[in-house]
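Participant: A structural model of the following input is requested.
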Amino acid sequence: MYPDYNNPSQTPPPYYGQSAVKTQTNSVMKRVYVRMFIGLLVSAFCALGVASSPAALNFVFGNVIMRWGILIAMFAMAILIPVRMMKMSNGAVLGLFLLFSALMGTWLSAIFVVYRMTAIVATFFITAGTFGAMSVYGYFTKADLTKMGSFLTMALIGLFIAMIVNIFMHSSTMSYIISIAGVLIFTGLTAWDTQQVKQMAAANLDPALADKLATMGAMNLYLDFINLFLFILRLFGGGRD
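Facilitator: Next comes the predicted model:
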């Protein structure tokens, strides 16, 4: 028996119009930026905490097992979280992202030994401004950034290979080129990732999946911000005298 929607006692099926899609998209994007900001705060507190303690620094960077353990754990989580996202609860996905942020902050504590605080703070604000501008562009542009994203992904692979090669070459010129390329690549990826998250948010109206999408979007943009920050710091940070 078919429902009679002319009968006020009958409940019509849900209709997701443009207003609902816009509301859903805005809701997801707000969670993306809030969670990204929380991730950055977690990383900052962990980095400052470790950097302020010589014993903690020695424990992390003076211990080969700990140093490699953190790196391997971060790589494993970067692969595990997206792959296993659908089989995990919303809280588990968010918890793993925050754990990832804490490990990243612990690893980044070394920058406080290598660079002056003034350079780190200045680089942070430069990164925040660049990231903000490109994320706004990615959110509001009508242009399709898919081709740009594909090119930047290939460029990122090339950048990774060049960084590995330069570990053995120790070329200051190549290091400088790598830093410039890194800034350009992650500047572009910020806009592309923002557009990707927005499009996925608009295409999905399942609340549970939308929440996981918000966490994954936050993680992607978090990584764009961190990498952009590090490459800018390599370019202009100088170092301690």
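Participant: Verify the stated contact: Leu156 with Ile185.
Facilitator: Yes. Contact criterion CB atoms under 8 Å: Leu156 and Ile185 qualify, at 5.6 Å. Placement of C-beta: from N, CA and C, glycine included.
Participant: Between these two, tell me which one has more neighbours.
Facilitator: Set Leu156 next to Ile185 and count neighbours by other CB atoms under 10 Å: Ile185 wins out with 21 against 17.
Participant: How much space separates that one from Trp107?
Facilitator: 21 Å (CB to CB, to the nearest Å).
Participant: residues near Met200, how many?
Facilitator: That count, for Met200 with other CB under 10 Å as the rule, works out to 16.
Participant: I figured it was touching Lys212, is that so?
Facilitator: No. Contact criterion CB under 8 Å: Met200 and Lys212 do not qualify, at 10.7 Å.
Participant: Need the mean per-residue confidence for the longest helix belonging to the chain.
Facilitator: Assignment by DSSP state H gives helix 18-51 as the longest helix of the chain. Mean pLDDT, computed over helix 18-51, is 91.
Participant: change the start of the numbering to 616 and stick with it
Facilitator: Done: numbering now begins at 616, and the last item shifts to helix 633-666.
Participant: going on from it, what's the next piece of helix or strand?
Facilitator: Sequence order places helix 669-676 as the next helix or strand after helix 633-666, per DSSP states H and E.
Participant: buried set for the very next helix or strand once past that next one?
Facilitator: Heading C-terminal from helix 669-676, the first helix or strand you meet, by DSSP H and E, is helix 679-699. Using 16 or more other CB atoms under 10 Å as the burial criterion, the residues of helix 679-699 that qualify are 685, 689, 692, 696.
Participant: Let's have those residues in CSV, adding pLDDT and distance to Lys702.
Facilitator: Shown next, in CSV, are the buried residues of helix 679-699 (pLDDT from 0 to 100; distance: CB to CB, whole Å):
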residue, pLDDT, distance to Lys702
Ile685, 95, 25
Met689, 95, 21
Met692, 94, 15
Ile696, 91, 11
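Participant: Including distance to Ala671, could the residues you listed go into JSON lines?
Facilitator: As requested, the buried residues of helix 679-699 are exported to JSON lines (distance: CB to CB, whole Å):
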{"residue": "Ile685", "distance to Ala671": "13"}
{"residue": "Met689", "distance to Ala671": "18"}
{"residue": "Met692", "distance to Ala671": "21"}
{"residue": "Ile696", "distance to Ala671": "26"}
